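> Provided below are the primary sequence and the corresponding predicted coordinates.
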Amino acid sequence: MNVVLLRTEGYGRAAEIDVGGLRLTVVDGISSAEAPAPAGLVENSKFDVVFVVPGSWRRAVDANPDGERKLEPQWGWRYLGFGRVVSLDPVRLDFGVLELELALPPDEDRQVGDSVCLAIDRIRLACAPS
């Protein structure tokens with residue numbers, strides 16, 4: 001997956017990226033405090049996600065009856081994430097162009113293949129250690 005930084009307002013602020021043709025607004029976690037990161041390909045990119053833990057897993061599943069996989073922009077860097085569970089330990093969801101790892105509390109009802117809808121507060125772009 002190629003992640004291209006298009007523009008940034010600086011560390012901890014809004015950044016616009018392109019991932020597989022999808023433009024997303026994320027939190028910049030790659031710039032230094034002194035200077036914004038330059039536009040271009042982000043090597044070793046990874047994402048940290050802050051989301052709203054669903055009140056019940058069943059409601060999250062019921063909110064995506066068609067099994068959609070997409071990130072629907074709300075405002076700023078907030079999204080509704082429609083995805084499918086691809087692993088449980090750790091919990092990873094496929095949102096179409098992105099697979100994101102979520103720190104969800106244990107839930108006996110959760111299964112690989114579940115399609116869910118979750119409110120995503122922010123996605124932070126970071127770099128994985130090489």
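Here it is on my side, so go on.

> May I ask you to name the longest strand in the protein?
Across the chain, the longest stretch assigned as strand under DSSP state E is strand 115-127.

> What strands line up against that one, and which way round?
Neighbouring strands of strand 115-127 in its sheet, by DSSP bridges, are strand 22-28 (parallel), strand 45-51 (antiparallel), strand 78-88 (antiparallel).

> Same list (the ones you listed) but as TSV, adding mean neighbour count.
(C-beta placed from N, C-alpha, C; glycine too.) Shown next, in TSV, are the strands paired with strand 115-127 (neighbours: other Cβ atoms under 10 Å):
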stretch	mean neighbour count
strand 22-28	19
strand 45-51	17
strand 78-88	19
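
> Low-confidence regions, the chain specifically.
The model of the chain has pLDDT under 70 over residues 130.

> Help me confirm that Arg92 is found in a strand?
Yes: membership of Arg92 in a strand is supported by DSSP: H, G, I helix; E, B strand; the rest coil.

> Okay, and the beta partners of it?
Using DSSP bridges, the bridge partners assigned to Arg92 are Ser87, Glu101.

> contacting residues for it?
Counting by Cβ atoms under 8 Å, 6 or more residues apart in numbering, Arg92 touches Val85, Val86, Glu99, Leu100, Glu101, Leu102.

> Against Gly55, how distant is it?
Taking Cβ to Cβ, to the nearest Å as the measure, Arg92 falls 21 Å from Gly55.

> do Ala103 as well
Distance, Ala103 to Gly55, using Cβ to Cβ: 17 Å.

> can you check Glu108 too?
According to Cβ to Cβ, Glu108 and Gly55 sit 16 Å apart.
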